Structure formats: C-alpha cells, structure tokens
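Asker: Sequence first, predicted model second:
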Amino acid sequence: MVSQYTTATELSFEDFKKLLQQQEKKQAESEDDLREAFEVFDRDANGFITVEELKLVAKSLGETISDNDLEEMIKHASGQDTKVSLKQFVEVYMKP
C-alpha cells in the first residue's frame, strides 16, 4: 500500500489508519504465536520457564545443552538465573 505513494504527503489519513491496523494485527498474531511457543516450554503451566523445563524440551528434540548454557539463556531473557515469564519471553523475541 505504501509503495503506491511517492511522498508522505500523498498518504491519506484513512490509508495511514489501515496501515496501523494491519501492523497491530500482525503484532497480535506474533504475540499469539509466541504465547503458544511459551506454553510448549512451560511444561507445568505455572507461567514461567525454568532451566529444567528448557532441558526437557531440548532433550525431547534430541539436543544436549549444558546447564550453564541453559542458565545463560534464562538469565539473558529474565535478568535472573531461575525463570522466565511470558512477558519476558515475548519482550525478548519482539525486540528489533
């Protein structure tokens, strides 16, 4: 839609509004996909991903990842060593 305009002044308010709505819809869909992915890792459904849960998922995929690497993954996402919330999980993956 934007490519049909040569300058920003040619974009109507209605077209601008449509662009924003499309972007919001894409973001909501992305967040829904991330929520579903989070639920795969959150094996006990308590709202957090732990090192042990990461280890179980990795093992089920045939991957062997050291506890230290798993702890670093958790720390990167949460700023702490113990668990990652859904909000933190989404924030990490939505960062540009």
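Answerer: Cool, got the structure. Numbers count the residues shown, from 1 in each chain.

Asker: ok, which stretches of this structure are strands?
Answerer: Taking DSSP state E as the criterion, the chain carries its strands at 48-50, 83-85.

Asker: Make TSV out of these and add mean pLDDT.
Answerer: Putting the strands of the chain into TSV (pLDDT from 0 to 100) gives the following:
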stretch	mean pLDDT
strand 48-50	95
strand 83-85	93
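
Asker: Quick one, which of those strands gets closest to Lys95.
Answerer: Lys95 sits nearest to strand 83-85 of all these, at 14.1 Å, using Cβ to Cβ. Yep, even glycine has a C-beta here, placed from its N, CA and C like the rest.

Asker: May I see the buried residues of the closest one?
Answerer: For strand 83-85, a neighbour-count test (16 or more other Cβ atoms under 10 Å) marks 83-84 as buried.

Asker: what does stretch 87-96 give?
Answerer: 88-90.

Asker: could you redo the strands of the chain as TSV and give each row distance to Lys95?
Answerer: Below are those laid out as TSV (distance: least, Cβ to Cβ, whole Å):
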stretch	distance to Lys95
strand 48-50	17
strand 83-85	14
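
Asker: so what's Ser78 closest to, chain neighbours aside?
Answerer: Using Cβ to Cβ, 6 or more residues apart in numbering and skipping residues adjacent in sequence, the residue nearest Ser78 is Val84, 4.5 Å away.

Asker: Can you give me the distance of that neighbour to Ala45?
Answerer: As judged by Cβ to Cβ, to the nearest Å, Val84 and Ala45 stand 14 Å apart.

Asker: Quick check: which helices or strands does the lengthiest helix in the chain pack against?
Answerer: Secondary structure of the chain per DSSP state H: the longest helix is helix 13-41. For helix 13-41, the packing partners by 3 or more Cβ pairs under 8 Å, 6 or more residues apart in numbering; DSSP states H and E come out as helix 51-60, helix 86-94.
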